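> here is the input, now give the coordinates:
(chains A and B)
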Amino acid sequence: MAEKKSAPHSILIVDDEKIVRDSLTKWFKQDGYRVEAAEDATHALKLMAEGPWEVILLDIKMPGISGLELQKRLVELDKAAAIIMITAFASVESAVQALKEGAFDYVTKPIDPDHLSHLVANALKQRTLEEENIKLREHISDVSKTSDIVGESQQLKKVLEMAKNVAQTDTTVMLRGESGTGKELIARAIHANSSRRYFPIIAVNCGAVAESLLESELFGHEKGAFTGAQYRRKGKFELADGGTIFLDEVGTISQKMQIQLLRVIESKQFSRVGGNDVISSDFRVICATNGDLEAAVKQGIFREDLYYRLNVFSIFIPPLRERRYDIPLLAQYFVHKYAAMMHKQVNEISAAALDILVQYHWPGNVRELENVIERAMVLATPSAIQQSDLPFQLAPNVQSAYGESLSAMERAHIESILLKNNWNISRSAEILEIDRVTLYNKISKYGLKKP
Amino acid sequence: MSSILIVPIRPVDHAELASLAGPLEASFHLPAAIEERNYLDPSFALDSYRSQFNSTAIIVKLLERFPHFDGKILGITAVDLFVPVLTYVFGEAQLDGKAAVVSTFRLREEFFGLDADPKLERTRLLKEAIHELGHTFGLIHCRNYDCVMHSSTSVEEVDLKPTDFCEDCRKQFVHAD
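Okay, the predicted model is just below:
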């Protein structure tokens, strides 16, 4: 039904008979539609420029280009238009052909007015729903965009490039990288760029679920399968049907589960715990590990066949200390994130504080950086995060250059005490609670030199 | 001063036609008169293949018949009306124009195999007459179910709507007048 206030709905009438064009035009105008009429294909195609037309009433039988042929061309110009074919007599064959080509419906002349008004109302309704659906899908795509992945470094760009390329395929992906590097974010980015994006991505942290529960977590269970199984429950593989399953910390699963996992990945079929029915599920596997799977394979802890099954396409996500270029960007990103969440007028990081952040070796990677910024945001006063807002452990440390071993720590500590005491050996030895000879030995061992 | 001229198109029930004048005057605040002598014979508009009368042709004829009348012309008939592309119409009007025509044919209970109900049928005729005249005043169909300008392609829908304009349509109608 036509609305008086919002923009009127639009209808294009294409019919070679003037009387049909005139009476339909009048009929729809009284209903409040914006109506135009064309007597042939040429005129109709010209009028498409004045569209969009929500509904097109199209006569199947016209001289020159037939209605069926015109229908194809109109659809090429505007896929969204709901096309209703008009046939002079019940020529079922051509009507069926029109429906196959995507027409919304067809009517036979003369048209029952009651039928016509309902038909047009339904066509408009369907068109509205389709448009809404497209909008919502676009919205979902926007939401699932990989906006949480921040960085400009070459290393990260390479990772994203690989993720984008592999996303289009259905290949199993293995994500390698230290804890906190953002393996799950990359997994979600792959899913969001794949054709499976309108289906779920189900994440399972294999390391976080007790061995005994992992089986029912992954495959589900039937009621009464074990004590406490009061209801039938769908497993993660079943929930991931059509979508992606993300197996985090896949290196931690037991030998028994490895066999089961291998079978499911190969056959895409499984049974719930305590059940006999074979369930099929169409899923893509993305797994992640921060451990050395190759070593585990050598030691016989991780099955070789499963390893090859999973390690089809592997993406290594570099640790944060190998892409320091991204630290200021990430830090700034988290500052904005938490400023918004905490409603705090803190939008910057002081140069000194940023220096510390860039130099730190970030064993916990991006996750650690985020936590550090969150903590600093709690303490910070407008308008910038200062050095003093950062956790104590982050105070300038030299050990980063030499690694994390005990001897590296010792070297760095001795060096810093010496510096603080202006290389006064006696005082430094006293503070370190070692004798002077030992201190001299360590200085020569580590090759420390007075600046 | 404008007025409404009710023209019989034979065959038509004269008593029914006469019952329209008063309510139409009340609804449009215009004098309504029945054309007693110059009735119309619609046989020229008959489509013998369809056994129906072309309402568009009737409207053309009404305009020819009363070329100097400056009010609204409303033809009433008992014959079944159609416009070429549709199977039937209850009536037809010129949008923002001069002439309209309404048929009682499909407003009759007998048409649906039921017993005649003169009171109900008169109300239906009045609704359709006001509706078509509304079009001649430039009103289009109204979304509001509680308005005589609501589109109705079945008698059930005619019965649902009132004989009055909704507030919005009434306002437009006053401005158009």
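
> point me to the residue of the stretch 201-350 of chain A nearest chain B.
Relative to chain B, the nearest point of the stretch 201-350 of chain A is A:Gly242 (40.1 Å; C-beta to the nearest C-beta). For the C-beta atoms, the positions are set from N, CA and C on the backbone; glycine is no exception.

> and if you look at the stretch 151-300 of chain A?
Closest point on the stretch 151-300 of chain A to chain B, by C-beta to the nearest C-beta, is A:Tyr198, at 34.4 Å.

> how about the helices of the stretch 251-400 of chain A, start to end?
For the stretch 251-400 of chain A, the helices defined by DSSP state H, counting those that start in this stretch occupy A:255-267, A:293-298, A:304-310, A:327-342, A:351-359, A:365-379.

> would CSV of those with mean neighbour count be doable?
Below are these laid out as CSV (neighbours: other C-beta atoms under 10 Å in any protein chain shown):
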stretch, mean neighbour count
helix A:255-267, 16
helix A:293-298, 15
helix A:304-310, 17
helix A:327-342, 17
helix A:351-359, 16
helix A:365-379, 18
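
> which one of these lies closest to B:Phe44?
Distance to B:Phe44, taken as C-beta to C-beta, is lowest for helix A:327-342 among the helices of the stretch 251-400 of chain A, at 77.0 Å.

> output the contacting helices and strands for that closest one.
Counting contacts by 3 or more C-beta pairs under 8 Å, 6 or more residues apart in numbering or on different chains; DSSP states H and E, helix A:327-342 packs against strand A:348-349, helix A:351-359, helix A:365-379.

> and the average pLDDT for that helix is what?
Averaging pLDDT along helix A:327-342 yields 88.

> likewise for stretch A:47-63?
For stretch A:47-63, mean pLDDT is 87.

> list the buried residues in that stretch.
A:47-48, A:51, A:53-62 (16 or more other C-beta atoms under 10 Å in any protein chain shown).

> sort out for me which of those residues are in strands.
Of the buried residues of stretch A:47-63, the ones assigned to strands by DSSP state E are A:Val55, A:Ile56, A:Leu57, A:Leu58, A:Asp59.

> what's across from the fourth one in the sheet?
Assessed by DSSP bridges, A:Leu58 has beta-bridge partners A:Val14, A:Met85.

> that one touches A:Val14, doesn't it?
Yes - contact criterion C-beta atoms under 8 Å: A:Leu58 and A:Val14 qualify, at 4.8 Å.

> which residues are in contact with both of the two?
Among the neighbours of A:Leu58, those also in contact with A:Val14 (C-beta atoms under 8 Å, 6 or more residues apart in numbering or on different chains) are A:Ala44, A:Gly67, A:Leu70.

> what's the last one in contact with, if anything?
It stands for A:Leu70. Applying C-beta under 8 Å, 6+ apart to A:Leu70 gives the contacts A:Val14, A:Ala41, A:Ala44, A:Leu45, A:Leu58, A:Met62.

> how close does it get to A:Glu39?
Distance from A:Leu70 to A:Glu39, counting by C-beta to C-beta, to the nearest Å: 12 Å.

> ok, how many other residues are close to A:Val20?
Neighbour count for A:Val20, taken as other C-beta atoms under 10 Å in any protein chain shown: 25.

> check A:Pro318 too.
A:Pro318 is flanked by 19 other residues according to other C-beta under 10 Å.

> inside strands: which ones of the shared contacts of A:Leu58 and A:Val14?
Assignment to strands by DSSP E places none of the shared contacts of A:Leu58 and A:Val14 there.

> lowest-confidence member of those residues, which is it?
Among the shared contacts of A:Leu58 and A:Val14, A:Gly67 has the lowest pLDDT, at 85.

> which parts of chain B sit against chain A?
Contacts of chain B with chain A, taken as C-beta under 8 Å from any C-beta of the partner chain, map to B:50, B:56, B:82-89, B:92-93, B:95, B:135, B:140-143, B:151, B:153-154, B:168.

> tell me which parts of the stretch 51-200 of chain A are close to chain B?
A:Ile86, A:Lys109, A:Pro110, A:Ile111, A:Asp112, A:Pro113, A:Asp114, A:Leu116, A:Ser117.

> is it true that the last one touches A:Tyr33?
This means A:Ser117. No - using C-beta under 8 Å, A:Ser117 is not in contact with A:Tyr33; the gap is 11.0 Å.

> show the buried residues in the residues of chain B next to chain A.
The buried subset of the residues of chain B next to chain A (16+ other C-beta under 10 Å) comprises B:56, B:82-89, B:92-93, B:135, B:140-143, B:151, B:153, B:168.

> next one, pLDDT for the residue of the stretch 151-300 of chain A closest to chain B please.
Confidence at A:Tyr198, expressed as pLDDT, is 85.

> scan the residues of the stretch 51-200 of chain A next to chain B and report the most crowded one.
Most surrounded of these: other C-beta under 10 Å gives A:Ile86, at 24 neighbours.

> who's in contact with that one?
Counting by C-beta under 8 Å, 6+ apart, A:Ile86 touches A:15, A:20, A:57-60, A:67, A:106-109, A:111, B:85.

> so which residue of chain B lies furthest out from the middle?
Note on chain B: the largest C-alpha distance from the chain mean falls to B:Tyr49, namely 24.6 Å (C-alpha atoms, centre = their mean).

> count the residues that sit near A:Glu215.
What A:Glu215 shows, counting by other C-beta under 10 Å, is a neighbour count of 20.

> backbone dihedrals for it, please?
Backbone torsions for A:Glu215, taken as degrees, to the nearest 10, come to phi -60, psi -50.

> grab the nearest non-local neighbour of it.
Closest residue in space to A:Glu215, ignoring its immediate chain neighbours: A:Val273 at 5.8 Å, by C-beta to C-beta, 6 or more residues apart in numbering or on different chains.

> bridged to the one you found, which residues?
On the basis of DSSP bridges, A:Val273 is bridged to A:His221.

> residues contacting it?
Each residue near A:Val273 by C-beta under 8 Å, 6+ apart is listed here: A:Glu215, A:Ser216, A:Phe219, A:Gly220, A:His221, A:Glu222, A:Ala225, A:Phe226, A:Ala229.

> need these in CSV with pLDDT, can you?
What follows is the contacts of A:Val273, written out as CSV (pLDDT from 0 to 100):
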residue, pLDDT
A:Glu215, 88
A:Ser216, 87
A:Phe219, 90
A:Gly220, 89
A:His221, 87
A:Glu222, 84
A:Ala225, 78
A:Phe226, 80
A:Ala229, 76
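
> quick check: the gap between B:Ala32 and chain A.
The gap separating B:Ala32 from chain A is 22 Å, by C-beta to the nearest C-beta, to the nearest Å.

> that residue pairs with what?
B:Ile4.

> tell me the pLDDT at residue 169?
Just going to use chain A. 89.

> I was thinking of chain B, sorry if that wasn't clear
For B:Cys169, the pLDDT comes out at 91.

> distance-wise, check it relative to B:Gly134.
Per C-beta to C-beta, B:Cys169 is found 7 Å from B:Gly134.

> same question, A:Ala123
From A:Ala123 to B:Gly134 the distance is 26 Å (C-beta to C-beta).

> of those two, who's got more company?
B:Gly134 (27 against 22).

> in which helix or strand does that one reside?
helix B:118-136 (DSSP states H and E).

> what helices or strands is that helix leaning on?
Using 3+ C-beta pairs under 8 Å, 6+ apart: helix B:118-136 touches helix B:14-28, strand B:72-77, strand B:91-93, strand B:99-103, helix B:155-160.
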